[in-house]
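Undergrad: This is the structure alone, sequence omitted:
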C-alpha cells in the first residue's frame, strides 16, 4: 500500500478520496467551496511542499470534468481574456515560488480559508469587461500559487449576475481548469516530482469526477443559504485545526 500511495495509510487514502468526491459535489451543486474544503483536508495529510501542486491536479481534474459536462454553456470570450492574465501570472510565479518557505504554506492556507469564510468578498462582477477578466486571471492565478484554493475569488470576480447557473458553472469551471493547469506546469518546471503521487492522484481525480456528476444532479435543489452557513463553520474548524497542528509543530 505505502509504495503505491506515497507512504500514506489506508485511512489517509480513503479520507483523501472521500474529500475529493465531496468537494467536487459541493462545487458542482453550490458553485464554489469544494476546493477550500479539499485543501483543508489535504493539508493535514500531505507534506507542505506537495500540498499546492497535488491539490492543483485534483482540482484541475474536477473542474475539467465539470467544464466538459457543461461545455454547451461555455462563453469562449470570458475564458480567453481570463487566460491571458493567468498566463502572465504563471510567468511571474517561478520567481515567487523560490521565495516562499514551504513550512509557512499550511498556516497561510488556513488563514486564507478563514478569510474566505468570514471576510468581505463581494460579487465584483469585473468579469463582464475585457480588462476585468484579464486582471482577474492575473491576480487570482498569482494567489493560487501560494494558497491554492482561490475558487471563491474567481467566482466573485466573474460574478453570477446576468447569467444562469449553467453558464456560470461552465465559465467558472473552465477558468479554474486553465488556472490549475498553469499552476501544475509552473511547479513541474520548478522541480516538483509528481511520479510517486500518480496512483493516488488518478483515484482522486476519478472520485472528483463522480462527485461532479452527483453534484450536477442536485444543482439548484439544495437549500443554499442554510447549507452554506453550516459549510462555513465546517471549513473554519478545519482551518483552525490546521493552524493548531502547525503551531504545535512549529513551537516543538
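TA: Sure, I can see it. Bear in mind the structure is a predicted one, so any value in this text is a computation, not a measurement.
Undergrad: separation between residue 142 and residue 148?
TA: Shown here: residue 142 relative to residue 148, a distance of 12 Å by CB to CB, to the nearest Å. The C-beta positions use only the backbone N, C-alpha and C, and glycine is treated the same way.
Undergrad: Of the two, which one has the most company?
TA: For the pair residue 142 and residue 148, the greater number of neighbours falls to residue 148 (29 against 18), based on other CB atoms under 10 Å.
Undergrad: got the contact list for the more buried one?
TA: Contact criterion CB atoms under 8 Å, 6 or more residues apart in numbering gives 35, 39, 51-52, 55-56, 109 as the residues in contact with residue 148.
Undergrad: My guess is residue 96 contacts residue 144. True?
TA: No - the pair formed by residue 96 and residue 144 falls short of the contact definition of CB atoms under 8 Å, at 11.2 Å.
Undergrad: Now for these two: what residues contact both?
TA: When contacts are counted by CB under 8 Å, 6+ apart, the set common to residue 96 and residue 144 is empty.
Undergrad: who has more neighbours, those two?
TA: Comparing residue 96 with residue 144 by neighbour count (other CB under 10 Å), the higher total belongs to residue 144, at 28 against 13.
Undergrad: quick one on the thing from earlier: looking at the contacts of residue 148, which are in helices?
TA: Helix and strand membership here follows DSSP state H; of those, those in helices are 35, 39, 51-52, 55-56, 109.
Undergrad: who wins for neighbours among those?
TA: Using other CB under 10 Å as the neighbour definition, those reach their maximum at residue 39, which records 31 neighbours.
Undergrad: List the residues that contact it.
TA: Contacts for residue 39 were tallied using CB under 8 Å, 6+ apart; they are 51, 55, 109, 113, 148-149.
Undergrad: now, which of these sits nearest residue 230?
TA: Distances from the contacts of residue 39 to residue 230 were compared by CB to CB; the smallest belongs to residue 113, at 15.5 Å.
Undergrad: Sticking with the closest one, tell me its helix or strand.
TA: helix 105-118 (DSSP states H and E).
Undergrad: Residue 231: which of the contacts of residue 148 is nearest?
TA: Top of the list for closeness to residue 231, among those and by CB to CB, is residue 35 at 12.6 Å.
Undergrad: what about the spatially closest residue to residue 176 that is not a sequence neighbour, how many neighbours?
TA: Setting aside the residues directly before and after it, residue 176 is nearest to residue 63 in space (CB to CB, 6 or more residues apart in numbering), at 4.2 Å. Neighbourhood size, residue 63 [other CB under 10 Å]: 28.
Undergrad: all helices of this structure, in order?
TA: 10-30, 34-42, 48-69, 76-97, 105-118, 130-147, 151-158, 165-189, 198-217, 224-251.
Undergrad: Could you dump these into CSV with mean pLDDT added?
TA: As requested, the helices of the chain are exported to CSV (pLDDT from 0 to 100):
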stretch, mean pLDDT
helix 10-30, 88
helix 34-42, 87
helix 48-69, 88
helix 76-97, 88
helix 105-118, 84
helix 130-147, 87
helix 151-158, 80
helix 165-189, 89
helix 198-217, 89
helix 224-251, 78
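Undergrad: Quickly compare those and say which is most buried.
TA: Compared across the helices of the chain, helix 34-42 shows the largest average neighbour count, a mean of 26 (mean count of other CB atoms under 10 Å).
Undergrad: residues contacting the residue nearest to residue 204 when sequence neighbours are not counted?
TA: Residue nearest to residue 204 in three dimensions, not counting chain neighbours: residue 20, with 4.2 Å by CB to CB, 6+ apart. If you count contacts by CB under 8 Å, 6+ apart, residue 20 has them with 38, 58, 62, 204-205, 207-208, 211.
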